[in-house]
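>>> I would like to see how this sequence folds:
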Amino acid sequence: MTSKEANTSDLAPLSPAYDGILELAPYQTGKPVEELTREYGVSDVVKLASNENPMGCSPHVTLAITDQLGQLARYPDGNGYYLKRDLADFNDVDMDCITLGNGSNDLLDILARSFVSSDDAIVYSQYAFVVYSMLAKMQGATGIEVPAHHFGHDLKAMRQAVADNPNTKIVFIANPNNPTGTQLAHSELREFVASMPASVLVVLDEAYIEYSPESNNRALLDEYDNVVIVRTFSKAYGLAGLRVGYALSSPAVADLLNRIRQPFNVSRIGLAAAQAALADSDFIETVRQTNQEQMRWLEKQFDALGLGFIKSHANFIMVDMTVDMEDTTAASINQALLEQGVIVRPLKGYGLENWLRITVGLAEDNLRLIDTLQSILNDEP
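Numbers count the residues shown, from 1 in each chain. Below is the predicted model of the structure:
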């Protein structure tokens, strides 16, 4: 029996810890290049689905990885001392304010397991990262989705949701938000955090902070012990394949998280690569500038094609595929793109059936996307 055919009766006499687990669907990742090649026989594939850095990583990372190849039989430093030291300097915090994770997803999971029980609630926005709702189900907790405002977080409504649900333990806020690319102002977030009970943890997911430095809310850590900032090396730093993330928090929160996290949750290669990536500020500045230039170019092309989009502060753009063409939908356009070797991200799982999320690629990737999209919309063979 395949996993798709399995049902709850197959578990008998075993049972999951929480009923919510049965409501979970496996996280849908972007279609791998290899899978598209197998399905359609397309060899020249452009992947613009997973918000990866098309420029790769700093050349210093390759050297750092090479230096570790003779040590693969040895466990990594379980405390990640040297990476923590550099992160502490980079973010102007003490080392005991840092928790390392196997990507930022690992840290979000650790936070939920550390603070949320089945009697508690997690608040998050509509159209925010799908993992937040998954974490509520995994903990057997109540997930409270607050309707979005112009595709972004409605902090006033989220504040009311916390007031209406005194069992709230965590509020997740993605800034910039994935998949919509929206961004909150410092003043809005500060006011929101100030209004939260000290017993509610406000988790700021800053996975795309390098593309939008103005959304850095590190200063909140100096004023509020119930704020946690989660970041990753998977996006701008180009280390998605190595899975390295970190959380900044009060020492007390970090101490709890470090009790829960798995030992050696970041590999020896991951630690070395992240340390080298963090040190190359020139590379990150080039990545940021290139992304901004290509984002502006794509916006002009979407305007020319008559496609709406949401202004993004990250390295992707959410595009409205509502067009005046019979039998043409976001799903059909996505399928046509796949058949021609272009992978983007459908957003049906977010309740955004008419939208596609498109990662900003290199100039040649973006040109390929627009040329292919134009031929599809013009119904060209």
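>>> can you map out the strands along the stretch 101-250 of the chain?
Under the criterion DSSP state E, counting those that start in this stretch, strands of the stretch 101-250 of the chain are mapped to 121-125, 142-146, 168-174, 201-205, 227-232, 245-248.
>>> neighbouring strands - and their directions - for the longest one?
When you say that, I think you mean strand 168-174. Sheet pairing for strand 168-174, assigned by DSSP bridges, gives strand 121-125 (parallel), strand 201-205 (parallel).
>>> same deal with the fifth one?
The sheet places strand 227-232 alongside strand 201-205 (parallel), strand 245-248 (antiparallel), with pairing taken from DSSP bridges.
>>> alpha carbons of the first one, as CSV, please.
Output for strand 201-205, consisting of C-alpha atoms alone and laid out as CSV, is shown next (Å, rounded to 0.1, in the frame of the first residue of the first chain):
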residue,chain,number,x,y,z
LEU,A,201,5.9,35.1,22.5
VAL,A,202,6.1,37.2,19.4
VAL,A,203,8.2,35.3,16.8
LEU,A,204,9.4,37.5,13.9
ASP,A,205,10.3,35.3,11.0
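>>> residues in contact with that strand?
Defining contact as CB atoms under 8 Å, 6 or more residues apart in numbering, one finds that strand 201-205 is touched by 104, 108, 111, 115, 129, 169-175, 189, 192-193, 196, 217, 220, 224, 226-230, 253. Just so you know, the C-beta spots here come from the backbone N, C-alpha and C atoms, and that holds for glycine as well.
>>> mean pLDDT and distance to residue 268 for the strands of the stretch 101-250 of the chain - can I get that in a markdown table?
Formatted as a markdown table, the entries for these read as follows, by pLDDT from 0 to 100; distance: least, CB to CB, whole Å:
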| stretch | mean pLDDT | distance to residue 268 |
| --- | --- | --- |
| strand 121-125 | 98 | 33 |
| strand 142-146 | 97 | 36 |
| strand 168-174 | 98 | 30 |
| strand 201-205 | 98 | 27 |
| strand 227-232 | 98 | 19 |
| strand 245-248 | 98 | 16 |
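>>> between those, which one is closest to residue 35.
Closest of the strands of the stretch 101-250 of the chain to residue 35 is strand 227-232, at 23.8 Å (criterion: CB to CB).
>>> please render the strands paired with strand 168-174 as JSON lines that adds distance to residue 46 and mean neighbour count to the earlier fields.
Converted to JSON lines, these look like this (distance: least, CB to CB, whole Å; neighbours: other CB atoms under 10 Å):
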{"stretch": "strand 121-125", "distance to residue 46": "30", "mean neighbour count": "26"}
{"stretch": "strand 201-205", "distance to residue 46": "27", "mean neighbour count": "24"}
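>>> can you put the ones you listed in a markdown table and add distance to residue 265?
Putting these into a markdown table (distance: least, CB to CB, whole Å) gives the following:
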| stretch | distance to residue 265 |
| --- | --- |
| strand 121-125 | 22 |
| strand 201-205 | 18 |
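>>> so for residue 93, which of those strands sits nearest?
strand 201-205 (14.2 Å).
>>> you'd agree residue 19 is up against residue 140?
Yes: contact status for residue 19 versus residue 140: in contact at 7.4 Å, counting by CB atoms under 8 Å.
>>> look at these two and report which has more neighbours.
Remark: of residue 19 and residue 140, residue 140 carries more neighbours, 17 against 12, as counted by other CB atoms under 10 Å.
>>> let me see the contact set for the closest residue to that one other than its chain neighbours.
If you skip the residues right next to it in sequence, residue 140 has residue 18 as its closest partner in space, 3.0 Å away by CB to CB, 6 or more residues apart in numbering. Residues near residue 18 by CB under 8 Å, 6+ apart: 118, 137, 138, 139, 140.
>>> mind redoing it with 10 Å?
For residue 18, the contacting residues are 24, 118, 136, 137, 138, 139, 140, 141, taking CB atoms under 10 Å, 6 or more residues apart in numbering as the criterion.
>>> for the stretch 251-381 of the chain, which segments count as strands?
308-310, 316-320, 342-343, 345-346, 355-359.
>>> what strands line up against the second one, and which way round?
Spelled out, it's strand 316-320. The partner list of strand 316-320 in its sheet, established with DSSP bridges, is strand 308-310 (antiparallel), strand 355-359 (antiparallel).
>>> surely residue 82 touches residue 271?
Yes: with contact defined as CB atoms under 10 Å, residue 82 reaches residue 271; the gap is 7.2 Å.
>>> between those two, which one's more packed in?
When residue 82 and residue 271 are compared on other CB under 10 Å, the one with more neighbours turns out to be residue 271, at 22 against 13.
>>> list the contacts for the more buried one?
64, 68, 76, 77, 80, 81, 82, 83, 84, 100, 242, 244.
>>> so who does the fourth one touch?
Looking back up the chat, that one is residue 77. Listed by CB under 10 Å, 6+ apart, the contact set of residue 77 reads 83, 84, 100, 264, 266, 268, 271.
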